[in-house]
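Colleague: What follows is a predicted protein model with its sequence.
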Amino acid sequence: MSPDEADQSQVRAELEFSHRLDAIGIDPRQSAKLTAILGIVHALLYLSTFTIIKWRVPRIGASDAEIVSFYSDPNERRLLIVVGLYLVPFTGIAFIWFIVVLRMWVSASTRRHDLLYGNIQLVSGILFTGLLFIAGASMSITAAVVEVSTGPIAPFDARQFPQYGSVLLLVFAMRMAAMFVLSTARIGRSAGLLPRWFVIASVLVAAGLLFSISLSTWLVVAFPAWQLTFCLILLSRARKMPRAQKPDRVAGPTPAAARL
């Protein structure tokens, strides 16, 4: 291919990319801002949920009397219901929106799309959300049952359900979070959208979440911390992006005139 043909091919590719963005109405600057805002909302909801559950739910080593006392308190019980049945779903919804606008931002910011890592990012994000929902339901099911029933509190069941939710969150959900971090970093780096230092840090975070054998509840803080950093980088870059210029409309015949 001659240099002239290569230049013409590049010009055609740029025009096709511009037309595609105009057709679907994507503004890279606005997409970056929306991605950052939704990511921050999800991270804060996630951290709030984690903090409340960690410090409120009785530990696995709690005595039967402590467990019965906790679930007999209507204030403690209803707080757990609000967190598990309301706050957790909205946390998952915020993450779904974050995934969608993140993919929109990548589409609006680069002509090259990594299909493999893009699909890994999407599937791992969906699985993470599903596991988050199940974990939230498991941690609050005992409180919900006690709230609507008059039977005695079973300490064994009340002890096991929160632990089941913790295992789902700390083991399975964190593995999906690791895949999401890794794929997002790979996409951002290959498209030139993320700084090198953040990509390296993302790989380390993903490796820690993927291969950690610890069941410490503080492990879940790594993912929202990574997400907050990612969103701050997006906000910083969004401020430097030029505002989208709306193309001038070309005057044309009205529908009525067109029919004449």
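Modeller: Received the coordinates, thanks.

Colleague: where does the protein have low pLDDT?
Modeller: When the per-residue scores of the chain are filtered using pLDDT under 70, the ranges that remain are 1-28, 111-113, 241-260.

Colleague: Please, which helix or strand holds the most centrally placed residue in it?
Modeller: What sits nearest the mean C-alpha location of the chain, by C-alpha atoms, centre = their mean, is Phe95, with 3.5 Å. Taking DSSP states H and E as the definition, one finds Phe95 inside helix 88-109.

Colleague: quick one: the residue nearest to the centre of the chain and Phe128 touch, right?
Modeller: Yes. Between Phe95 and Phe128 there is a contact under C-beta atoms under 8 Å: 7.2 Å. (Glycine included, C-beta is placed from N, CA and C.)

Colleague: what sits up against stretch 141-153?
Modeller: Stretch 141-153 is contacted from outside by 67-68, 71-72, 74, 76-78, 80-81, 84-85, 157-158, 161-162, using C-beta atoms under 8 Å, 6 or more residues apart in numbering.

Colleague: tell me which residues of it are tucked away?
Modeller: Neighbour counts using 16 or more other C-beta atoms under 10 Å place 141-146, 153 of stretch 141-153 among the buried residues.

Colleague: how about those residues in CSV, adding distance to Gly61 and secondary structure?
Modeller: Formatted as CSV, those follow (distance: C-beta to C-beta, whole Å; DSSP: H, G, I helix; E, B strand; the rest coil):
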residue, distance to Gly61, secondary structure
Ile141, 21, helix
Thr142, 17, helix
Ala143, 19, helix
Ala144, 24, helix
Val145, 23, helix
Val146, 21, helix
Ile153, 18, coil
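
Colleague: Closest to Leu122 out of the residues you listed?
Modeller: Each of these was checked against Leu122 using C-beta to C-beta; the closest is Ile141, at 29.2 Å.

Colleague: and the gap between the closest one and Leu219?
Modeller: 23 Å (C-beta to C-beta, to the nearest Å).

Colleague: Repeat that for Ile67.
Modeller: Separation of Ile67 from Leu219 (C-beta to C-beta): 24 Å.

Colleague: These two: who's more crowded?
Modeller: With other C-beta atoms under 10 Å as the criterion, Ile67 and Leu219 differ in neighbour count, and Ile67 comes out ahead with 22 against 17.
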